[in-house]
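# sequence plus predicted model, see below.
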Amino acid sequence: MVWGGISTRLRTPLYHVVGNLTGVRYHNEIVPALQAIGPRAILQDDNTPPHRSATVNTFIQQARVNGMLWPANSPDLNPIEHMWDELCCRVQQHHPLPANLSQLLQWLQQEWNGVPRAFICNLIHSMRKRCVECLAHNGGHTRY
């Protein structure tokens, strides 16, 4: 598993998550990367237990990280999901099957860095439309 963050200004490096991602690991290893994005950043994640642990919630409040709250079973409108799709397509288009995990991680980082900033900005700026369409469809299927 890899983790990464995107914003209109920058993207974090990809982080290779080895083993289970616990709340403590998410707090210690991943959440600090959010601070690099800046004070106007809005954290949008899902409701998995590591993201909602007491340790992470305390850190986010103390660091004054702005977060978007998502209700349980909400549609996944997070732009990062489209970024993961783009990353997968780019790796498959530009590389043969990797010989090992190290090679795959290298190619993932290379393609992650190669996704144009305009693509990422478009994903992020589409959030308002995504939310409006989701509300219009009462949380049902949307074109996103």
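Ah, there it is.

# alpha carbons only for contacts and neighbour counts from here, please
Noted.

# ok, the residue minimising distance to the centre of the chain - contacts?
Using Cα atoms, centre = their mean, the residue of the chain that lies closest to the mean C-alpha position is residue 80, 4.2 Å off. For residue 80, the contact set (Cα atoms under 8 Å, 6 or more residues apart in numbering) comprises 5, 6.

# make 552 the starting number, not 1.
Happy to do that; since the first residue is 552 now, the last one works out to residue 631.

# and the residue of the chain most remote from its centre, what pLDDT?
Using Cα atoms, centre = their mean, the residue of the chain lying farthest from its centre is residue 650. It sits 26.4 Å away. Note on residue 650: pLDDT of 96.

# for residue 656, see how far away it is.
Counting by Cα to Cα, to the nearest Å, the gap from residue 650 to residue 656 is 11 Å.

# equivalent analysis for residue 568, please.
According to Cα to Cα, residue 568 stands 11 Å off from residue 656.

# ok, those two, which is more surrounded?
Neighbour totals were compared for residue 568 and residue 656, and residue 656 leads with 17 against 14 (other Cα atoms under 10 Å).

# sec struct for that one, please.
Residue 656 carries the three-state label helix when classified by DSSP: H, G, I helix; E, B strand; the rest coil.

# nearest spatial neighbour of it, skipping sequence neighbours?
For residue 656, ignoring the flanking residues on the chain, the nearest one in space by Cα to Cα, 6 or more residues apart in numbering is residue 567 at 7.7 Å.
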